[in-house]
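Colleague: Could you work out the structure for the sequence below:
(one chain, ligands or ions: 3)
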Amino acid sequence: MVATPLENWVEEAARLTKPDQVVCCDGSDDENERILEEMLRDGDSETLNEKTHPNCYLHRSSPNDVARTEHLTFICTPEQDDAGPTNNWMDPGAAKHKLGALFDGAMRGRTMYVVPYIMGPANSPISKVGVEATDSPYVVANMRIMSRMGKVAMERIGASADFVPGLHSIGDLDPLRRYIAHFPEEKLIWSVGSGYGGNALLGKKCFALRIASVMAREQGWMAEHMLILGLESPGGKVTYMGAAFPSACGKTNLAMMVSALQDQGYRVWTVGDDIAWMKIADDGYLHAINPESGFFGVAPGTGMLTNPNVMAALRKNTIFTNTAVTPEREPWWEGIGTPPPAGLINWKGETWDSSKGPAAHPNARYTVPAWQSPSISPKWEAPEGVPISAFIFGGRRARVAPLVYESFDWQHGVFVGATMASETTAAATGNVGVVRRDPMAMLPFCGYNMADYFRHWLEMGKRIPHPPKIFHVNWFRRGADGNFLWPGYGENVRVLKWILERVEGRGDAEESPVGFVPRRKALTLDGLKISHEAIEELLRVNPEDWEDDLADSKQFFQKFGNRLPEEIREEHEKLSRRLSTEGASASMAR
Ligand code: GTP
Ligand code: SPV
Ligand code: MN
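Modeller: Ligands and ions are numbered 1, 2, ... in the order given. Predicted coordinates:
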């Protein structure tokens with residue numbers, strides 16, 4: 001018998017990493033039991049209270065392995081310029097050599113689990129298949145929640161070579177020997193030295209964004225760092241939107257919100273909370289699927305007041321990572337809505353007191369099956385996806401960006417996405433709270449030169465008969481006292497409602513240099529305690545702030561040299577002209 005491409009790849013991986021045994025995962029319940037037992041035996045995981053949290057686990061990762069490590073993440077193309085100025089680059093041969101040495105014998109004394117998985121609904125033509133070979137039972141347990149894993153994927157692969165292979169070993173967890181490498185030409189992923197989140201669950205950021213973004217450009221579709229939600233309006237019509245915010249900037253919370261306008265007939269349905277794969281369908285709309293089947297969400301800040309849907313979802317079958325735990329063996333984190341109980345154990349496994357800092361790591365996460373959310377859309381597994389009517393870009397900006405604005409057209413919308421900036425968060429290691437440019441929230445996730453990515457966006461706009469309208473939001477603008485001006489969470493539906501009205505050709509707006517901003521009266525604010533001044537400040541476009549921002553984005557764009565599309569330069573000049581006209585007329589009025 002001739003070996004299949006999958007068998008060949010597994011054999012090659014085993015020859016390199018030298019595990020004691022190889023287990024091919026079928027995704028069955030029995031197998032899952034064994035894997036969870038193995039995870040508990042590893043000593044860094046424990047079961048939680050069976051009464052309040054049936055089938056839930058707490059996992060503690062190594063304290064130096066608690067977030068994605070962007071400085072250790074590489075795009076390995078033969079030409080450095082194809083990875084572009086915003087990616088770390090290694091020559092593919094050099095990367096294979098360097099990581100190969102780390103993988104050599106890395107699984108000695110351990111089991112290599114071979115995890116075949118589908119990203120997307122099993123019967124969707126937009127879905128794709130991957131295989132992760134890993135020595136971490138924690139990773140297998142997470143992949144089982146986050147993807148359609150096991151037999152269903154194995155059947156789809158069969159004897160074909162149509163799968164994205166990913167080799168993963170926790171190695172020795174030393175950051176000095178940690179690399180997350182992507183080989184876009186081969187459509188291959190190698191990750192060593194981390195057991196955490198996006199570094200280790202290779203279906204997520206590595207495949208569904210970095211590798212998939214390359215495939216999407218080659219094949220004429222889009223792989224984006226976007227949540228997908230359906231906004232139901234009175235009468236029951238549902239309008240779908242995709243929103244791209246950087247890590248820990250509110251995607252999961254927006255996608256799973258309990259609407260503050262529910263009694264007026266506005267309700268939010270969740271299709272996805274992190275990634276969207278989108279293709280132009282016969283109806284002329286861009287259709288989106290959620291490639292994942294679970295949510296890997298930020299725990300801190302999630303409570304009954306901010307997000308009751310997530311809290312309801314987390315009561316069973318959930319893996320908690322780096323949260324604190326109460327003496328009753330229930331998970332706990334800052335913002336959960338109850339005070340820290342006596343005898344709380346922090347994320348490192350120590351008895352907590354306030355001198356020890358936050359009890360849960362700021363990037364503590366839950367892994368929960370998507371179907372467990374009360375907000376899950378009836379269409380979340382529709383093979384044809386859902387038609388997208390609006391794209392929403394957004395970030396964490398204490399200043400500059402208003403609560404919401406609408407771009408003038410697709411090309412301007414691409415520019416709005418390309419000039420996105422956001423304060424950094426605990427989702428990646430490094431400084432927190434520093435503003436950085438993060439185009440389309442894809443800075444850490446675009447698998448190729450970002451200038452070519454802008455070009456791809458511009459071309460897609462020409463090809464989509466009914467392109468989504470493009471908006472920008474900012475829930476994080478602060479007042480002079482340093483506090484957030486906007487209440488956020490379930491109240492964000494008020495902004496979604498205005499977006500819906502604009503999509504439908506209603507909704508009052510005022511033209512500003514940066515785009516259409518709602519008139520105050522156009523926002524539904526009834527039932528909300530917010531001052532007139534706060535709303536004014538939230539909607540304000542201050543030309544001077546924007547001039548500074550333009551200077552910063554100009555510098556950012558210079559990195560791309562001639563590869564930057566002319567249209568982006570053009571939009572930059574147009575905005576600059578609109579701002580100076582505005583500034584001139586404002587000073588005349590004075
Ligand atoms: P990743 O999973 O890392 O991609 O993050 P995300 O974009 O899904 O962000 P998430 O919804 O998990 O929110 C991150 C943090 O921001 C949490 O601590 C939330 O409580 C907080 N947050 C989310 N939405 C809002 C909002 O509307 N207002 C405010 N003030 N905070 C928010
Ligand atoms: C993010 O950082 O955007 C996440 C978490 O969703 S991780 O999966 O670790 O990338
Ligand atoms: Mn999220």
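
Colleague: make it CA atoms for all contacts and neighbour counts henceforth
Modeller: OK.

Colleague: so who does the residue in the stretch 451-590 of the chain positioned nearest to ligand 3 touch?
Modeller: Per C-alpha to the ion, Tyr489 is where the stretch 451-590 of the chain lies closest to ligand 3, at 13.5 Å. Contacts for Tyr489 (C-alpha atoms under 8 Å, 6 or more residues apart in numbering) come out as 253-254, 257, 306-307.

Colleague: Identify those among these that sit within strands.
Modeller: Using DSSP state E, no member of the contacts of Tyr489 falls in strands.

Colleague: What residues does the stretch 351-500 of the chain have near ligand 3?
Modeller: By C-alpha under 5 Å from the ion, no part of the stretch 351-500 of the chain sits against ligand 3.

Colleague: ok so, going back, take the contacts of Tyr489 and lay them out in CSV including neighbour count.
Modeller: As requested, those are exported to CSV (neighbours: other C-alpha atoms under 10 Å):
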residue, neighbour count
Asn253, 24
Leu254, 26
Met257, 25
Thr306, 21
Asn307, 21
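
Colleague: Spatially, which two of those residues are the most separated?
Modeller: Leu254 and Thr306 (10.4 Å; C-alpha to C-alpha).

Colleague: ranges for the helices of the stretch 351-500 of the chain?
Modeller: Along the stretch 351-500 of the chain, the segments classed as helices by DSSP state H, counting those that start in this stretch run 410-418, 450-463, 493-503.

Colleague: circling back: which residues are common contacts for Leu254 and Thr306?
Modeller: Common neighbours of Leu254 and Thr306 (C-alpha under 8 Å, 6+ apart) are 489-490.

Colleague: show me where the stretch 301-450 of the chain has strands.
Modeller: 319-321, 324-325, 331-332, 365-369, 386-394, 404-406, 421-423, 435-437 (DSSP state E, counting those that start in this stretch).

Colleague: any chance of these in CSV, with mean neighbour count too?
Modeller: Formatted as CSV, the strands of the stretch 301-450 of the chain follow (neighbours: other C-alpha under 10 Å):
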stretch, mean neighbour count
strand 319-321, 27
strand 324-325, 28
strand 331-332, 26
strand 365-369, 25
strand 386-394, 24
strand 404-406, 26
strand 421-423, 23
strand 435-437, 17
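
Colleague: So which of the contacts of Tyr489 is the closest to ligand 1?
Modeller: Asn253 (3.8 Å; C-alpha to the nearest ligand atom).

Colleague: The closest one reaches Asn309, doesn't it?
Modeller: No. At 9.2 Å, Asn253 does not count as touching Asn309 under the criterion of C-alpha atoms under 8 Å.

Colleague: what's across from the closest residue to Arg267 other than its chain neighbours in the sheet?
Modeller: Leaving aside its chain neighbours, Arg267 sits nearest to Glu232 (5.0 Å; criterion: C-alpha to C-alpha, 6 or more residues apart in numbering). Beta-bridge partners for Glu232, by DSSP bridges, are Val238, Arg267.

Colleague: so who does Glu232 touch?
Modeller: So Glu232 contacts 238-239, 265-269 (C-alpha under 8 Å, 6+ apart).

Colleague: Which secondary structure element of the chain has the lowest mean pLDDT?
Modeller: Lowest on mean pLDDT, DSSP states H and E among the helices and strands of the chain sits helix 566-589, with a mean of 86.

Colleague: Check which helices and strands that one is in contact with.
Modeller: On a contact count with 3 or more C-alpha pairs under 8 Å, 6 or more residues apart in numbering; DSSP states H and E, helix 566-589 meets helix 410-418, helix 543-558.

Colleague: helices or strands next to the longest one in the packing?
Modeller: I take that to be helix 543-558. helix 566-589.

Colleague: 10 Å instead, please
Modeller: strand 421-423, strand 435-437, helix 566-589 (3 or more C-alpha pairs under 10 Å, 6 or more residues apart in numbering; DSSP states H and E).

Colleague: and the stretch 251-400 of the chain, which of its residues are near ligand 1?
Modeller: The stretch 251-400 of the chain comes close to ligand 1 at residues 251-253, 274, 297-298, 300-302, as judged by C-alpha under 6 Å from any ligand atom.

Colleague: In helices only, show me those.
Modeller: 251-253 (DSSP state H).

Colleague: Spatially, which residue comes closest to the residue nearest to the spatial centre of the chain, not counting chain neighbours?
Modeller: By C-alpha atoms, centre = their mean, the mean C-alpha position of the chain lies nearest to Asp274, the distance being 3.7 Å. Nearest residue to Asp274, sequence neighbours excluded (C-alpha to C-alpha, 6+ apart): Leu227, at 4.6 Å.

Colleague: cool, and Gly284?
Modeller: Pro465 (4.9 Å).

Colleague: For Trp410, see how far away that neighbour is.
Modeller: Note on Pro465: its distance to Trp410, by C-alpha to C-alpha, to the nearest Å, is 12 Å.

Colleague: Tell me which of the two has more neighbours.
Modeller: Neighbour comparison, Pro465 and Trp410: the larger count goes to Trp410, with 18 against 15 (by other C-alpha atoms under 10 Å).

Colleague: pLDDT at that one, what is it?
Modeller: Trp410 is assigned a predicted lDDT (pLDDT) of 98.

Colleague: And Arg590, by the same measure?
Modeller: So, for Arg590, pLDDT stands at 49.

Colleague: Show me what from the protein comes close to ligand 2.
Modeller: Residues of the chain lying near ligand 2 (C-alpha under 6 Å from any ligand atom): 67-68, 197-198, 205, 247, 427.

Colleague: Sort those residues by pLDDT and name the bottom one.
Modeller: Ala427 (91).

Colleague: gap between the residue lying closest to Val541 once chain neighbours are set aside and ligand 3?
Modeller: Counting by C-alpha to C-alpha, 6+ apart, Val541 lies nearest to Pro402, which is 6.5 Å off, once chain neighbours are set aside. Separation of Pro402 from ligand 3 (C-alpha to the ion, to the nearest Å) stands at 23 Å.
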